[in-house]
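Asks: Quick one, structure for this:
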Amino acid sequence: MRDSRRWRGPLSAAALSIIAAACGSSTDGAPASPRDGGNAVDAAIDAEPTGSGGAEGSGGGGGTGGAGGLVTAMLGAGCTLTDAATDFPSPDPVAPPDASLVTEPLDAGAHPPARDAGSSDAGGRSAAVHDAGVRDAAVPDGAFRDAAVHNGVDAAAHADAGPVKYPPLQFADIGKVAVVSNQFLFTEGPVWDPRTQALFFTDINADAVYRLKLPDTLDVFADHVGNPDGLAIDVDGNLLGAGFVSRDVWRLSGGQVHSLVDEYRGRKLNSPDDVVVRSDGTIYFTDPTFGIDGSQGFMAQAAELCFQGVYRLTGSALHLEDSTSAGPNGVNFSPDERTLYVSYSGSGQVFRFDVAPDGSLHGKAPFANVLGADSMCVDAAGDVYVASVGGITVLDPNGKQLGVIPTQFQVATNCAFGGPDQRTFFITAHAFLFGTPTTGSGSLLRIENMPIPGLPGRP
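Replies: Okay, here's the model as predicted:
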């Protein structure tokens, strides 16, 4: 669904100057938030004479050098400023209550009808795009039961107990890594479900979600589900997935995959990578281009958006919270959910955002530099564990590096706490930084008896 209140003509040199001045250059090569970039585009559009604008490629207008080059670089290769003006909303006399960039709410029946989920080939490497809607998945009915508690914890009892205080993490107290299995192609997305006492994780290239029952019972929980990357569990106990190749975020419920969102302002999402759920049900996810750029064994797909995003999904309304060209990847909350951490693989950085009561993000600030920063998990004391080229980089709540957990000479991709006491630490890893994975290149690892536990139901 497209917003009819957008500027559709090319932008003049004066408009480009407004955008360039507002956007500038930030730490990750993008505006500090979409409100900065979006408002700059709004101001530029507002400054244009009605029905006119600079010609493409003339006098500094369009998407060529100078200010145009700056903003085009900010948004991504192959994008023009006209595209940028289309992707960001035009000025609106009545701003949304949280002033974020938001798509129009969808009608309850706006999704296409259900369809089978058999569009991947036997090798799980098809780049076929699933339509938004409902698709069947090979998953047992009732695998996730209705939730009388949130993330396996009685909310009232938890509130009465008050926060648990932990001493500062001593890196030397972290145990050794052991291999659970190395039979996979490219593992990612671990999340522990406290209700079923199982770990779920993905093998992206096999187009499968695996389930681990301790100590070491593995089975395929679901397949043909859009080559998912990151996973999360919503407040009702359903599994959520970031469809790396299907280019959507989905919910697995009743044996079917329901596509929650697959576009922003009428344009297909890039390649959703990681996902996390706030305790009120708000969903946050990252959307780089890793799954459509032709790497990792998948067929290249055309990007329709001129940026890579960090999004917030509230009901059927999708809010763009950050726009970048630096490969947003991992996403997770601090224990009190007042801070959201996002890793940017392209710049090797982790940023923190302040989370407002309505869920909108503000105050983007550098948190830590991590080479090859990928997905992450957070313990109950607020320490942040970031998958990286060298292993799992462990950061204290202030961003100070405490050490790196080695991962058997493999590149770590993600992590999660689990087990009955949340003290088992699971790591996904693979053997190659680039290229098409082969059987045996993806692994699931674990560490027992972590000094500080994780948070139930959180990746």
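
Asks: mind listing the strands for the stretch 351-459 of the chain?
Replies: 361-369, 376-378, 384-388, 391-395, 401-405, 411-418, 424-430, 442-447 (DSSP state E, counting those that start in this stretch).

Asks: Quick one: those as CSV, columns for mean neighbour count, mean pLDDT and distance to residue 354 too.
Replies: Backbone N, C-alpha and C define where each C-beta goes, glycine included. Below are the strands of the stretch 351-459 of the chain laid out as CSV (neighbours: other C-beta atoms under 10 Å; pLDDT from 0 to 100; distance: least, C-beta to C-beta, whole Å):
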stretch, mean neighbour count, mean pLDDT, distance to residue 354
strand 361-369, 18, 98, 4
strand 376-378, 27, 98, 16
strand 384-388, 28, 98, 16
strand 391-395, 24, 98, 18
strand 401-405, 18, 98, 22
strand 411-418, 28, 97, 24
strand 424-430, 26, 97, 28
strand 442-447, 24, 97, 31
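
Asks: Which of these sits closest to residue 453?
Replies: strand 411-418 (6.3 Å; C-beta to C-beta).

Asks: Using PDB, list the CA coordinates for that closest one.
Replies: Output of strand 411-418 as PDB, limited to C-alpha atoms (Å, rounded to 0.1, in the frame of the first residue of the first chain):
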ATOM      1  CA  VAL A 411      32.900 -17.500  12.900                       C
ATOM      2  CA  ALA A 412      30.200 -17.000  15.500                       C
ATOM      3  CA  THR A 413      26.800 -15.900  14.200                       C
ATOM      4  CA  ASN A 414      24.500 -15.700  17.200                       C
ATOM      5  CA  CYS A 415      24.000 -16.800  20.800                       C
ATOM      6  CA  ALA A 416      21.200 -17.500  23.400                       C
ATOM      7  CA  PHE A 417      20.900 -18.500  27.000                       C
ATOM      8  CA  GLY A 418      18.800 -21.500  27.900                       C
END
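
Asks: Report all helices and strands that that strand contacts.
Replies: Here strand 411-418 touches strand 187-193, strand 198-203, strand 376-378, strand 384-388, strand 391-395, strand 424-430, going by 3 or more C-beta pairs under 8 Å, 6 or more residues apart in numbering; DSSP states H and E.

Asks: What pairs with the first one, parallel or antiparallel?
Replies: Yep, that's strand 187-193 we're talking about. Paired neighbours of strand 187-193 in the sheet (DSSP bridges): strand 198-203 (antiparallel).

Asks: Same check on the fifth one?
Replies: With DSSP bridges as the test, strand 391-395 is paired with strand 384-388 (antiparallel), strand 401-405 (antiparallel).

Asks: could you redo the ones you listed as a markdown table and give each row distance to residue 359?
Replies: Listed next are the strands paired with strand 391-395 as a markdown table, based on distance: least, C-beta to C-beta, whole Å:
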| stretch | distance to residue 359 |
| --- | --- |
| strand 384-388 | 20 |
| strand 401-405 | 29 |
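
Asks: Of all the helices and strands in the protein, which has the lowest average confidence?
Replies: Ranked by mean pLDDT, DSSP states H and E, the helix or strand of the chain with the weakest confidence is helix 155-161, at a mean of 39.

Asks: so what are the domain limits for the chain?
Replies: Taking automatic domain parsing as the reference, the chain has its domains at 13-95, 134-447.

Asks: Comparing those, which yields the minimum mean pLDDT?
Replies: Lowest mean pLDDT within the domains of the chain: domain 13-95, at a mean of 40.
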